[in-house]
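*Asks:* Generate a structure from the sequence data that follows.
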Amino acid sequence: MNRNAPITNLFETPVKSGPGFETQSGKVYRFLRDRILSGAYKPGDRLVRRTLGKQFDTSPIAVAEALWKLESDGLVESEAMHGSRVKTFTLEQVRGELLLREALETEVARLCAKRHELLPIEHLRSQAEKIDKIMSVPRDEYNREDMEVHCNFHRELARHCDAEPIARELERIWFQHIMVFNWINSAIFPVPADWHQRLVQAIASGDPDHADAMMRKHIEFGCDHQENVLRRINEDISK
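*Replies:* Reported below is the predicted structural model:
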C-alpha cells in the first residue's frame, strides 16, 4: 500500500467497466449502499431481487452481484430460503468488532507516535478539527460527505503507521457496518468538541503509551451509548 497515495472516498466506489461507464450492478450497488448508509433502509429491511430488478430495469444477475458486494462490505446478509436483507446487529457482534478495532487502532496510534516527526501533523490537526466540528453537533439527518471525513481520518492514520497489513485490515473493517453504527451513535450522542484533536495531539507527543491510551479511550468512548442505539434500532424493527 502506498502511504503517499491520496485517500479515496470510501463511499464513492461504483463498479465500472471502461472509461466513464458504470455497470448495472454498480448502479444498483451504489444506490443500495447509499440508502443503507443514510439510514433510509433499516437493519432487517428485505432486499428482494425481483423487485430491485424491476426498479432498475436490469437482470437478476446484476442485482445478485450488487447484493454480493454489499454482503462482502458487511452491510447486507443473506439466508437460504429467505433472501437478502440489510444486516442486523447484536450486542455481541458490536462488542466483538469494537474489540478488534480497538486492538488495531491502538497499535496504529503507537506506531504513528513512534514516527511522529515524519507525519504531516498540521494536516492531521486540520482534519481532526474538521471532523470534531461535524460530530459535536446533534443532527437528525446523515450526510455522506461528513461520514467520509470521519472514515478517511482514521484510514489516513492507518496509512501513516508504516505497517501495511494493519492498514489493509483496518480499511476492510471500515467497510463493515461499524462505520454506519458509529455514525448513528455520534448523531444521537455528540462527542466532545475536540475529540479527534486530542488524538492527534497524543500522537504528536511522540509517546507511544500516551497515544495508545488516548486511542483506546477514543474507541471505548460511548460504548454504553452504542448499546442504547442498538436497542433503539431493535425496537424500531420490532414495531
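
*Asks:* Can you report how many residues lie near residue 204?
*Replies:* Other residues near residue 204 come to 18 when the count uses other C-beta atoms under 10 Å. Just so you know, the C-beta spots here come from the backbone N, C-alpha and C atoms, and that holds for glycine as well.

*Asks:* Setting aside sequence neighbours, what's the nearest residue to it?
*Replies:* The spatial neighbour of residue 204 that comes closest, neighbours along the chain excluded (C-beta to C-beta, 6 or more residues apart in numbering), is residue 121 at 4.9 Å.

*Asks:* Hmm, the one you found is touching residue 202, no?
*Replies:* No - in this structure, residue 121 is not within contact of residue 202 by C-beta atoms under 8 Å, at 11.4 Å.

*Asks:* and those two? which has more neighbours close in?
*Replies:* Set residue 121 next to residue 202 and count neighbours by other C-beta under 10 Å: residue 202 wins out with 24 against 15.

*Asks:* sorry, back to before: next one: the residue nearest to residue 204 relative to residue 205, how far apart?
*Replies:* Distance, residue 121 to residue 205, using C-beta to C-beta, to the nearest Å: 10 Å.

*Asks:* Give the next helix or strand downstream of the helix-or-strand element of the chain with minimal mean pLDDT.
*Replies:* The helix or strand of the chain with the lowest confidence, counting by mean pLDDT, DSSP states H and E, is helix 177-188 at a mean of 61. Under the assignment DSSP states H and E, the closest C-terminal helix or strand after helix 177-188 is helix 195-204.

*Asks:* helices or strands up against that next one?
*Replies:* helix 91-114, helix 121-135, helix 208-220 (3 or more C-beta pairs under 8 Å, 6 or more residues apart in numbering; DSSP states H and E).

*Asks:* Give me the distance between the shortest one and the centre of its chain.
*Replies:* The reference is to helix 208-220. Taking C-alpha atoms, centre = their mean, to the nearest Å, the mean C-alpha location of helix 208-220 is offset from the chain mean by 19 Å.

*Asks:* Low-confidence ranges, this protein, go.
*Replies:* Scanning the chain for pLDDT under 70 picks out 1-21, 39, 138-145, 147, 175-189, 222-226, 229-230, 232-239.

*Asks:* how is it carved up into domains?
*Replies:* Following automatic domain parsing, one gets these domains for the chain: 24-86, 91-238.

*Asks:* end-to-end on the shortest one?
*Replies:* If I follow you right, that is domain 24-86. 20 Å (C-alpha to C-alpha, to the nearest Å).

*Asks:* Got the phi and psi for residue 47?
*Replies:* For residue 47, the backbone dihedrals (degrees, to the nearest 10) come out as phi -120, psi 90.

*Asks:* Show me what it bridges to in the sheet.
*Replies:* residue 84 (DSSP bridges).

*Asks:* tell me the contacts of it?
*Replies:* Residues in contact with residue 47, defined by C-beta atoms under 8 Å, 6 or more residues apart in numbering, are 32, 41, 67, 76, 83, 84, 85, 86.

*Asks:* The third one: what secondary structure?
*Replies:* So the one you mean is residue 67. helix (DSSP: H, G, I helix; E, B strand; the rest coil).

*Asks:* For it, give me its contacts.
*Replies:* Here residue 67 is in contact with 32, 47, 49, 76, 78, 84 (C-beta under 8 Å, 6+ apart).

*Asks:* make it 6 Å
*Replies:* By C-beta atoms under 6 Å, 6 or more residues apart in numbering, residue 67 lies in contact with 76, 84.

*Asks:* could you point out which element follows the strand or helix carrying residue 159?
*Replies:* Using DSSP H and E, residue 159 sits within helix 144-160. Following helix 144-160 in sequence order, the next helix or strand is helix 164-174 (DSSP H and E).
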